[in-house]
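> A predicted structure for the sequence below; I have some questions about it.
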Amino acid sequence: MSGGAELHLRGRIVSASQSLDDGVVSVRGDRIAAVSSSAEWRAAHPESTPPEYLGTIVPGLVDIHNHGGFGHRFDTTDTEEARAAAEFHQRQGSTSVVAGIVTGAPDDMVAQTATLSVLAKDGSIAGIHVEGPFLSEMRCGAQDPRYLTDPDPALLDRLLTAADGRLRVMTLAPERQGYAAAAKTLADHGVVVALGHSDAGYEEFRAALAPSGFGTLVTHLANGMPPLHHRAPGPVAAGLLAAAERQVITELIGDGVHVAPGFGALVFATAPGRVALITDAMQAAGLPDGDYRLGPQPVRVSGGTARVANGSIAGGTATLLRCLRWAVRECGVPLAEAVRAATAAPAAAVRLDAVGDLRPGLLADALVLDADLGLQRVLRRGQWLT
């Protein structure tokens with residue numbers, strides 16, 4: 001949208017800061033200019049015809065853990081391939097995507113980080129998430145165990161340099177030797193320290209989380225860690241308790257494959273407002289069953305579930321809007337809470353302060369949904385994508 005023209009979106013507004021049965025989001029340029037009730041809008045525009053009622057309007061979704069989609073990967077040195085992955089998810093409603101790479105050969109990870117930095121600089125992605133290689137072999141999941149290692153200051157410095165200030169998140173296992181020094185280095189550079197792919201006990205994992213430790217985010221709770229047990233509560237209980245105490249935010253893969261609805265309901269009930277729905281999407285998202293890749297490893301997708309050769313689930317094939325619907329329909333989460341988990345909570349987790357809500361001054365990212373939460377239109381930076 002150019003010049004001083006305004007766009008007005010009318011509908012049921014659901015966001016972290018707004019709940020209006022009949023409201024209007026006014027957009028000027030790439031920013032939200034105002035959010036008001038329809039009655040307030042009509043009073044302010046007495047000579048104008050009220051805008052058409054579109055449906056349910058929510059903020060653009062924020063996916064902070066995503067490895068690709070529609071045949072395209074973020075773990076690449078091809079800028080246009082990574083851009084295509086981002087654009088697929090944006091058209092599906094994730095207007096802000098933090099692009100993730102996984103464990104691989106050090107030189108490959110550095111080159112992939114540099115590639116993604118270009119896209120973060122031009123706004124195609126919202127930042128970079130490096131997941132590995134300082135993770136547990138015991139809980140590697142789809143991370144290639146050949147390249148897992150203790151934190152290496154030289155490699156960490158290379159990754160930070162390649163990211164050029166655009167590394168938003170790095171996932172570490174707190175039990176690895178050298179974890180504390182690596183976590184401090186990341187924190188000193190403004191990078192969010194996420195804990196995951198860990199076999200640590202409850203006490204060690206909890207001590208590495210805020211406020212006593214550097215960790216402020218838990219990477220895909222319950223996946224890549226030992227199961228919750230009443231005599232060995234482990235990282236799941238530690239992460240969930242820290243989220244309940246409002247000290248961290250915990251990711252939850254809401255694709256209906258990685259965790260059962262009952263567990264999802266437990267997480268939302270225990271830590272309301274501190275859950276970030278994620279896709280953990282990979283190359284196959286949006287495509288049929290078949291053979292794909294994640295990092296250095298081949299992946300087979302069957303029945304919509306992606307697995308590497310050892311049988312571990314290898315990321316997701318869903319979109320974030322589908323995860324939001326799963327939370328509402330399968331877990332019984334109220335719509336407003338599910339919307340928060342797909343918008344404001346992940347934005348806060350990785351310190352994206354211009355997205356995640358419908359408030360004046362924020363970027364004009366919004367979705368129009370129908371009564372079944374089906375996607376009707378996507379507005380990104382004040383421009384319609386669909």
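That came through, no problem. Numbering: from 1, shown residues only.

> can you list the weak-confidence ranges in this structure?
For the chain, applying pLDDT under 70 flags the ranges 1-4.

> to the chain's geometric centre, what's the distance from whichever strand or helix holds Ala120?
Here Ala120 sits within helix 106-121, counting by DSSP states H and E. Per Cα atoms, centre = their mean, to the nearest Å, the displacement of helix 106-121 from the mean C-alpha position of its chain is 19 Å.

> How about that helix, which residues are buried there?
Buried residues in helix 106-121, counted by 16 or more other Cβ atoms under 10 Å: 106, 108-117, 119-120. Where you see a C-beta, it was placed from the backbone N, CA and C, and this is true even at glycine.

> repeat for stretch 214-227
For stretch 214-227, using 16+ other Cβ under 10 Å, the buried residues are 214-226.

> Can you measure across that stretch, start residue to end residue?
Using Cα to Cα, to the nearest Å, one end of stretch 214-227 lies 23 Å from the other.

> Please compute how far it lies from its chain's middle.
For stretch 214-227, the distance to the chain centre is 14 Å (Cα atoms, centre = their mean).

> repeat for stretch 341-355
Remark: stretch 341-355 is offset 9 Å from the chain centroid, using Cα atoms, centre = their mean.

> Tabulate the CA atom coordinates of it in PDB.
Output of stretch 341-355 as PDB, limited to C-alpha atoms (Å, rounded to 0.1, in the frame of the first residue of the first chain):
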ATOM      1  CA  ALA A 341       0.500 -19.300  21.500                       C
ATOM      2  CA  ALA A 342       1.000 -18.900  17.800                       C
ATOM      3  CA  THR A 343       1.600 -15.100  17.800                       C
ATOM      4  CA  ALA A 344       2.500 -13.100  20.900                       C
ATOM      5  CA  ALA A 345       4.200 -15.900  22.900                       C
ATOM      6  CA  PRO A 346       6.700 -17.000  20.200                       C
ATOM      7  CA  ALA A 347       7.300 -13.400  19.300                       C
ATOM      8  CA  ALA A 348       8.200 -12.600  22.900                       C
ATOM      9  CA  ALA A 349      10.300 -15.800  23.200                       C
ATOM     10  CA  VAL A 350      12.700 -14.600  20.500                       C
ATOM     11  CA  ARG A 351      12.300 -10.900  21.100                       C
ATOM     12  CA  LEU A 352      10.500  -9.900  18.000                       C
ATOM     13  CA  ASP A 353       8.900  -6.700  19.200                       C
ATOM     14  CA  ALA A 354       7.200  -5.500  16.000                       C
ATOM     15  CA  VAL A 355       5.000  -8.600  15.400                       C
END
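
> Which stretches in the stretch 251-386 of the chain count as strands?
275-278, 290-294, 297-302, 305-307, 366-369, 375-380, 383-384 (DSSP state E, counting those that start in this stretch).

> Thanks a lot, see you next time.
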